[in-house]
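Trainee: Okay, here's the prediction I keep looking at, along with the sequence it came from:
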Amino acid sequence: MKGILKALVLASGVFVIINSCKPDIYKGPLDNPYGNWLGVHTDYFFNSETVAQTDACGYSVISFYRQGLCCIEGHKGALPFSYDHESSSLEVGQDRWTVTTLTGAEMVLEFIGTVIPEQEPDDNGGETGTEENEDGLDGNGIKLPAEFKGMTIISDGTAYFYTDKNGKQVRCYFVGTKDENGTTEVDFWFDTHTDRFVPYN
């Protein structure tokens, strides 16, 4: 009986040692965002003020591949991407980001801006058609100049801007819905946003 007890004690000791030596799951930092990511939260900012928070991202699901391409849910085809680990700079198509967090548990992207293409882009919330029609509305259904948070928003025909307290023109974007008459009800304007992603399988 003593031999059996001794064997059980020794076995339980080995079990404890094995479990205590189990390696932790590696959580970064990582040198590339390869894999599938689910957008779970966005903070929107305008003139350094938080104007909205949502439990979704513009990139609802984004996948990065080693070939330098990424796919975004809801977008046709693949986009080129590049990531510089030293500067934490991420480029996805025309969008520019700073990767503020990149671990095995989450990825946080801070939006820097969008390069304005030479050709007329699609209507996707402030990217095109900002010339006025006879109703005084631009191609997105917005009457300019627009006022938001004490700032006057104008357009140069390709994008929207406001002038900050330092006299600098800041590009901005909007979130809103267009009614049956073609007029857009703007929920809010923003100039940058921070998106949080988690691994997605």
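Mentor: Cool, the structure landed. Numbers count the residues shown, from 1 in each chain.
Trainee: how about the strands of this structure, start to end?
Mentor: Assigned by DSSP state E, the strands in the chain fall at 35-46, 49-54, 61-64, 69-72, 79-84, 89-92, 95-102, 107-114, 146-148, 151-155, 160-163, 169-178, 184-190, 192-199.
Trainee: check contacts around residue 52.
Mentor: 42, 43, 44, 175, 187, 188, 190 (C-beta atoms under 8 Å, 6 or more residues apart in numbering). (Each C-beta comes from the backbone N, C-alpha and C, glycine too.)
Trainee: which one of the strands of the chain lies closest to residue 140?
Mentor: strand 184-190 (5.7 Å; C-beta to C-beta).
Trainee: can you state the direction angle for the closest one and strand 151-155?
Mentor: 110 degrees (axes from the mean of the first three to the mean of the last three C-alpha atoms, to 10 degrees).
Trainee: Strand 184-190: which residues count as buried?
Mentor: Neighbour counts over strand 184-190 (16 or more other C-beta atoms under 10 Å) mark 184, 186, 189, 190 as buried.
Trainee: same check, this time on stretch 161-178
Mentor: 161, 162, 170, 171, 172, 173, 174, 175, 176.
Trainee: burial measure for residue 198, as a count.
Mentor: Residue 198 has 12 neighbouring residues, counting by other C-beta atoms under 10 Å.
Trainee: Can you give me every residue that contacts it?
Mentor: 37, 38, 40, 105, 106, 107.
Trainee: Contacts only, for residue 40.
Mentor: Shown in contact with residue 40 (C-beta under 8 Å, 6+ apart): 55, 56, 57, 196, 197, 198.
Trainee: Please tell me which one of these counts the most neighbours.
Mentor: Neighbour tally across the contacts of residue 40 (other C-beta under 10 Å): the maximum, 24 neighbours, falls on residue 197.
Trainee: do you know how far that one is from residue 69?
Mentor: 18 Å (C-beta to C-beta, to the nearest Å).
Trainee: Same check on residue 41?
Mentor: 25 Å.
Trainee: Give me the more crowded residue out of these two.
Mentor: It is residue 41, of residue 41 and residue 69, that has more neighbours when counted by other C-beta under 10 Å, with 16 against 13.
Trainee: so what's the more buried one closest to, chain neighbours aside?
Mentor: Leaving aside its chain neighbours, residue 41 sits nearest to residue 196 (4.3 Å; criterion: C-beta to C-beta, 6 or more residues apart in numbering).
Trainee: Out of the contacts of residue 198, flag the one nearest to residue 89.
Mentor: The closest of these, once distances to residue 89 are taken by C-beta to C-beta, is residue 107, at 13.9 Å.
Trainee: Quick one: neighbours of residue 148, just the number.
Mentor: 17.
Trainee: show me the contacts for it.
Mentor: 46, 162, 186, 188, 189.
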